[in-house]
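[1] return atomic coordinates for the entry below.
(one chain, ligands or ions: 1)
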Amino acid sequence: MKTFDVAIAGAGLIGSSITLELSRAGLRVGLFDKQEPGKEASWASAGILSPAPENPGMIATVPLAKASMALYPEFIAMVEELSGQTTGYRAKGTLEVITSRHAREELSTIIALHHGLGLQAQPLSAVDARELEPSLREDVEAAVLRPAEASVDNRLLTKAILASAQKSGAEIFAGAKVDSIWTEGDACRGLLVCGEQISAAHTVIAAGCFSAQIRGVEHYAPVRPAKGQMISLVCTEAKIERVLWGDEVYLVPRDNGQILAGATVEYAGFDKTLTAGGQKKLLSAAIDLVPAFENARIEETWAGLRPDSPDHLPILGPTDLSGLVIATGHFRSGVLLTPITAKLVGEFITLGNVGMDWEPFSPTRFAQAQKQSHARAN
Ligand SMILES: Cc1cc2nc3c(=O)[nH]c(=O)nc-3n(C[C@H](O)[C@H](O)[C@H](O)COP(=O)(O)OP(=O)(O)OC[C@H]3O[C@@H](n4cnc5c(N)ncnc54)[C@H](O)[C@@H]3O)c2cc1C
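    The predicted structure follows:
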């Protein structure tokens, strides 16, 4: 029987970064993925690093997001040094473009919201915005510059983290499907992988939107897939320096000259089909924001499945089964939240406590909510 200090299910950004953190701490870690590691959401993502909440429901994640953003430069430096690989990290800020006739009101609301949450945001006139990003459409009304935001090439980052983890002593198993957790009484003893028992003092479930398919984990990680379609463009006539946010699309420049346009959010089960409607929506919004894209070459199209939880918040922390930790449900922010997730899970496993309040993300909250609603009904 294989025995590890820590057994981890799922080798996306979350599972592989936790593996790296714990291997560097000197623990013997086994990382299991049902296919080639790093080929799900972490491959499909846009890699934007933005702690700003997309809606009021996401405000609870802002402290976590800010902490992760602060860790990013050091995290990238460590991973690039260990792996000897680049990650396409671009700390150039992001620009939210405003085209509505009520630009002045919109601008002050956005700035107040950001400042209220302790996030940097600067109002820009249309002239200043087009000076920063000359390829933007001419009738921009105003813009908001978020100078502390960034982006990273998530595909390169995932590869580099996996290489760093391996160099740090982790054992990575591809084509190793985790069927269930292995429990004895109220303790988790490890994993069942392709029928084989894997023994571990600590078990971490980080299987993204597939986590609920692992037997024994359903109640802690009731995640579902949220499909996102993407397009990559190459356009010599357009020069984009930083991430641009439009109303219906975001554009993400890569170091290799490609510009990603994303993304749809669709609840269509475990289905990665590209649809005419989804692609049309992205292309017309991208051309609307940067008219030169009319002549852009379509380099690649793809879709991926984000791990979404019932309240759209991450699912992070220990369960009521001793030895079992969950790290999933990162929805639209998993790339951003990678360093803090690895740090917190690492602290919990090595020290038994964590440096910030992660109770709002507890995996036991869904079972508790269910019990409370049953009690009310009776
Ligand atoms: C189109 C799109 C755009 C996005 N844009 C951004 C963005 O700009 N910024 C941002 O921060 N986030 C973004 N995200 C979200 C981000 O990509 C995810 O939150 C993050 O990648 C989740 O990482 P993960 O490791 O939890 O999951 P995944 O990357 O999905 O990894 C899960 C892994 O578990 C494996 N697995 C599944 N089941 C099993 C099993 N039974 N046994 C063994 N292995 C298993 C899978 O093969 C996979 O490798 C985007 C996502 C998408 C789809």
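
[2] in contact with the residue nearest the centre of the chain, which residues?
    Geometric centre of the chain, nearest residue: residue 334, 1.5 Å, by Cα atoms, centre = their mean. Shown in contact with residue 334 (Cβ atoms under 8 Å, 6 or more residues apart in numbering): 12, 13, 14, 41, 42, 45, 208, 306, 307. Every residue, glycine included, has its C-beta placed from N, CA and C.

[3] helices of the stretch 101-250 of the chain, start to end?
    Ranges of helices in the stretch 101-250 of the chain, per DSSP state H, counting those that start in this stretch, are 103-116, 126-132, 154-167.

[4] buried residues, the shortest one. List them.
    Think helix 126-132. Using 16 or more other Cβ atoms under 10 Å as the burial criterion, the residues of helix 126-132 that qualify are 126, 129, 130, 132.

[5] related to what we said a few turns ago, give me the subset of the contacts of residue 334 touching the ligand.
    Among the contacts of residue 334, proximity to the ligand is found for 12, 13, 14, 41, 42, 45, 208, 306, 307 (Cβ under 6 Å from any ligand atom).

[6] in space, what's closest to residue 145 - neighbours in sequence excluded?
    In this structure, residue 145 finds its nearest non-sequential neighbour in residue 122, 4.6 Å apart by Cβ to Cβ, 6 or more residues apart in numbering.

[7] near the one you found, how many other residues are there?
    By other Cβ atoms under 10 Å, 14 other residues sit near residue 122.

[8] for residue 114, state which of the buried residues of helix 126-132 is nearest.
    Top of the list for closeness to residue 114, among those and by Cβ to Cβ, is residue 129 at 16.5 Å.

[9] if we can go back for a sec, by mean pLDDT, show me the worst of the helices of the stretch 101-250 of the chain.
    Ranked by mean pLDDT, the helices of the stretch 101-250 of the chain bottom out at helix 103-116, which scores a mean of 91.

[10] output the below-cut-off pLDDT ranges for this structure.
    Low-confidence segments of the chain, defined by pLDDT under 70: 370-378.

[11] at 80 what do you get?
    Scanning the chain for pLDDT under 80 picks out the ranges 367-378.

[12] residue ranges of the strands in the stretch 101-250 of the chain, please?
    Taking DSSP state E, counting those that start in this stretch to define them, one finds strands in the stretch 101-250 of the chain at 122-125, 142-146, 150-151, 171-173, 178-184, 187-193, 196-205, 224-234, 243-245, 250-253.

[13] how about a markdown table for those, with distance to the ligand added?
    A markdown table is the format used below for those (distance: least, Cβ to the nearest ligand atom, whole Å):
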| stretch | distance to the ligand |
| --- | --- |
| strand 122-125 | 21 |
| strand 142-146 | 14 |
| strand 150-151 | 7 |
| strand 171-173 | 9 |
| strand 178-184 | 3 |
| strand 187-193 | 7 |
| strand 196-205 | 9 |
| strand 224-234 | 3 |
| strand 243-245 | 8 |
| strand 250-253 | 7 |
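
[14] which strand or helix spans the nearest residue to residue 231 once chain neighbours are set aside?
    Excluding the flanking residues, the one nearest residue 231 by Cβ to Cβ, 6+ apart is residue 261, at 4.7 Å. Following DSSP states H and E, one finds residue 261 within strand 259-262.
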